[in-house]
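The sequence isn't on hand, but the structure is:
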Ligand code: SAM
């Protein structure tokens, strides 16, 4: 992929329109909209496809994987209610676009990817853009126990169930956001850790993610 870190008026304009579009779809968190308005999403695309970068669609990034739809990224980010300094585990680094949004919100991000080619690509691209997350390679369905606990956990691939092991890595008061369902569609689920043993679970809208593949997944 050819990376040209050029943010022209055309892309800036398209990004402003995308922000207005996301607000019209119900995204209210001003910080989330600001982050999306700031991050040049076209940097994640080959130049040939820059005209697709600010459409509200998922897009293939190779190895059968996708950069998530901007609405989905905004929706999950809003649900996390990130506070500056929050320690966030992201499962499914992918292109790293969601990682950048979390970092713009002030999170300290630990992100894990199971596909080596994607991992190797993203660990070069993000620092080149100034986003120095903590990158891990491996099966994130088990979380990253030796870095736990986390204020927030976000899963960016569709899971068949909520892995218990992830709940154990949440701080009390922490939030997990995870799409749960079958391979065709998932409900967005948020789980809040109320105490050592109590969790509140809320089911929200329907989405379609690529599958979470691993020990605690498909
Ligand atoms: N959030 C990403 C973005 O903004 O581009 C999109 C993520 S993509 C929809 C889902 C990613 O999860 C894929 O890159 C996939 O390889 C990864 N994935 C699937 N199962 C995983 C697992 N068990 N551990 C870590 N990553 C996983």
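Okay, I see it. Not measured: the values here are computed from a predicted model.

Could I get the average pLDDT for the strand of greatest length in the chain?
Counting residues, the longest strand in the chain under DSSP state E turns out to be strand 170-181. Mean per-residue pLDDT for strand 170-181: 98.

Stretch 32-40 now?
98.

what's in contact with it?
5, 7, 11, 15-16, 18-19, 22-23, 27, 70, 73-74, 77-78, 97, 100-101, 104-105, 129 (C-beta atoms under 8 Å, 6 or more residues apart in numbering). C-beta: built from backbone N, CA, C; applies to glycine.

if we can go back for a sec, does any part of the helix or strand following the longest strand of the chain sit near the ligand?
Next helix or strand after strand 170-181 toward the C-terminus (DSSP states H and E): strand 186-193. No. On the criterion C-beta under 6 Å from any ligand atom, strand 186-193 is out of touch with the ligand, staying 11.3 Å away.

ok, residue 161 to residue 216 distance?
8 Å (C-beta to C-beta, to the nearest Å).

What of residue 163?
4 Å.

joint contacts of these two?
141, 142.

okay, these two: which has more neighbours?
Neighbours per residue (other C-beta atoms under 10 Å) separate residue 163 from residue 216, with residue 163 holding more: 24 against 18.

Where does the prediction get shaky in this protein?
1-4 (pLDDT under 70).

partners of the strand or helix carrying residue 153 in the sheet?
Assigned by DSSP H and E, residue 153 falls within strand 150-155. Looking at strand 150-155 with DSSP bridges, its partner strands are strand 87-91 (parallel), strand 170-181 (parallel).

Any idea how far it is from the middle of the chain?
10 Å (C-alpha atoms, centre = their mean, to the nearest Å).

for stretch 11-25, same thing?
19 Å.

what comes up buried for it?
Judged by neighbour count (16 or more other C-beta atoms under 10 Å), stretch 11-25 contains these buried residues: 11, 14, 15, 18, 19, 22, 23.

Now do the contacts for residue 199.
Residue 199 neighbours (C-beta under 8 Å, 6+ apart): 167, 191, 192, 193.

just to revisit the earlier point, now what about the strand holding residue 153, what contacts it?
Applying C-beta under 8 Å, 6+ apart, the set of residues contacting strand 150-155 is 76, 80-83, 86-92, 98, 102, 107, 110, 140, 143, 166, 169-171, 173-179, 212.

so after that strand, what's the next helix or strand?
Following strand 150-155 toward the C-terminus (DSSP H and E): helix 164-167.

how about that next one, does it get close to the ligand?
No. Judged by C-beta under 6 Å from any ligand atom, helix 164-167 and the ligand are separated, with a smallest distance of 10.9 Å.

sorry, back to before: can you tell me which of the strands paired with strand 150-155 is most buried?
Highest mean neighbour count of the strands paired with strand 150-155: strand 87-91, a mean of 25 (counted as mean count of other C-beta atoms under 10 Å).
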